[in-house]
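The sequence and its predicted three-dimensional model are supplied below.
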Amino acid sequence: IGSVLVDALMLRNEDVPPERRSHVIAVGRNRESAEQRFPLWLDKAEFAFLAHDVGQPFDIIPRKLDYVLHAASNTHPVAYAAERAQFGQKINKFPGVYDMLSRMRAKLDASRSLLYQTSRYVDIYKALEDIQRERKLEADERAEMKTFSRLADAFTPLCKGMASEYANQNAYDAISVHGGSGFIMEYKSQRLYRDARIFSIYEGTTQLQVVAAIRYITNGTYLSIINEMLGEEVLPELVPLKEKIAGCAGILSECIAKVREAGDNEVQDFLARRLYDMTGEIVMSLLLMRDATVAPDMFLKSAKVYAAMAQETVAGKSAYILGFDKESLPAFRVVGE
């Protein structure tokens, strides 16, 4: 099971205390490399579960799935659309369908990119924590552990929320590609659709992930990382897209400034999800461009599709934030009363 891109598995390790054993994860391009690389000592269950969202098979999850949901949500409709003919041609030739399929693949690839970046941050600070148990850290090591601990805390809720929402969206779109057939037991899309919903609920709903991430949005943590990533080299054909994403980062900064200037916690909480989505898609666009620069055959198409999605998201959500008037809040509070 798993994607042809990257396999990940949970490993049993008798040297790990039982209470922490379910938090040992290894990620690699196949089972052999997974067993040798990137041991992560995780103390946040939501981090383990977010990997579930992006299509990584687990051996030690109590409610084990017999296939990879996020990846399967992409794989099954692609195969179906290549076989299903309508109006004299395969349905994957229709723009409405291939637009949907390309977005599904882009969301999957972007989610994986964010997962691996988050894994890197967790791996480094946890390794330093283990070293600290054996000896006193040097000053530069303590500073490094503090930095990567903060980055891991910032990226975990961003990754869990974005990946689980995309798992839901892809499962939903998989049904759409299959049409009415998607609801019958013959196709797995109906099962994927049911299974996906829990991912954005357990170990913290998406709304709670937003609450955990918002301070890193408003204090500039994500913006500083975005600006750093904008300085990286990308493929020549991605340069125009990177410039557009740089423009999106500028718009995000403007939106954050407006929310902070309001000085109203209710306004910040009300607009937080929009800031979160904008931040997530900008970060994931840049991560996917990085991957596409290293492996264009695997990620270039997804990088182009996802960057276009991010521009669409930023344009819409920024228009809402910049045009928002807090005097309109009572209209929303009335709902449900």
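Happy to help now that I have it.

show me where pLDDT drops low in this protein?
For the chain, the stretches with pLDDT under 70 are 1-76, 335-337.

Share the number of residues neighbouring Asp277, please.
Asp277: 20 surrounding residues under other C-beta atoms under 10 Å. The way it works is simple: take the backbone N, C-alpha and C, and place the C-beta from them, glycine included.

Helix, strand or coil: sort out it for me.
Secondary structure, DSSP: H, G, I helix; E, B strand; the rest coil: Asp277 is helix.

ok now do it, which residues does it touch?
Listed by C-beta atoms under 8 Å, 6 or more residues apart in numbering, the contact set of Asp277 reads 313, 317.

show me the contacts for the spatially closest residue to Ala82 that is not a sequence neighbour.
In this structure, Ala82 finds its nearest non-sequential neighbour in Asn92, 5.4 Å apart by C-beta to C-beta, 6 or more residues apart in numbering. For Asn92, the contacting residues are 78, 81-82, 98, 101, by C-beta under 8 Å, 6+ apart.

if you set the cut-off to 6 Å instead, what comes out?
Listed by C-beta atoms under 6 Å, 6 or more residues apart in numbering, the contact partners of Asn92 are 81-82, 98.

and the gap between it and Ala171?
19 Å (C-beta to C-beta, to the nearest Å).

could you pull out the strands for the stretch 101-250 of the chain?
Ranges of strands in the stretch 101-250 of the chain, per DSSP state E, counting those that start in this stretch: none exist.

need the helices for it, in chain order.
Counting by DSSP state H, counting those that start in this stretch, the stretch 101-250 of the chain has helices at residues 139-178, 189-196, 206-218, 221-230, 239-262.

can I get those helices in TSV with distance to Ala319 and mean neighbour count?
Formatted as TSV, the helices of the stretch 101-250 of the chain follow (distance: least, C-beta to C-beta, whole Å; neighbours: other C-beta atoms under 10 Å):
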stretch	distance to Ala319	mean neighbour count
helix 139-178	21	21
helix 189-196	29	20
helix 206-218	18	20
helix 221-230	20	17
helix 239-262	10	17
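
Figure out which of these is closest to Leu286.
The closest of these to Leu286 is helix 221-230. By C-beta to C-beta, the value is 4.3 Å.

Which elements pack onto that closest one?
helix 239-262, helix 265-294 (3 or more C-beta pairs under 6 Å, 6 or more residues apart in numbering; DSSP states H and E).

To Tyr116, which of these lies closest?
helix 265-294 (8.3 Å).

Okay, buried residues for whichever helix or strand comes after the closest one please.
Next along the chain after helix 265-294, taking DSSP states H and E as the criterion, comes helix 296-322. For helix 296-322, burial by neighbour count (16 or more other C-beta atoms under 10 Å) applies to 299-300, 302-311, 313-314, 317-318, 321.

Looking at the helices of the stretch 101-250 of the chain, which is nearest to Arg105?
helix 139-178 (9.0 Å).

So Glu281 sits against Glu312, correct?
No. Counting by C-beta atoms under 6 Å, Glu281 does not reach Glu312; the two are 9.0 Å apart.

shared neighbours of these two, which are they?
Common neighbours of Glu281 and Glu312 (C-beta under 6 Å, 6+ apart) do not exist.
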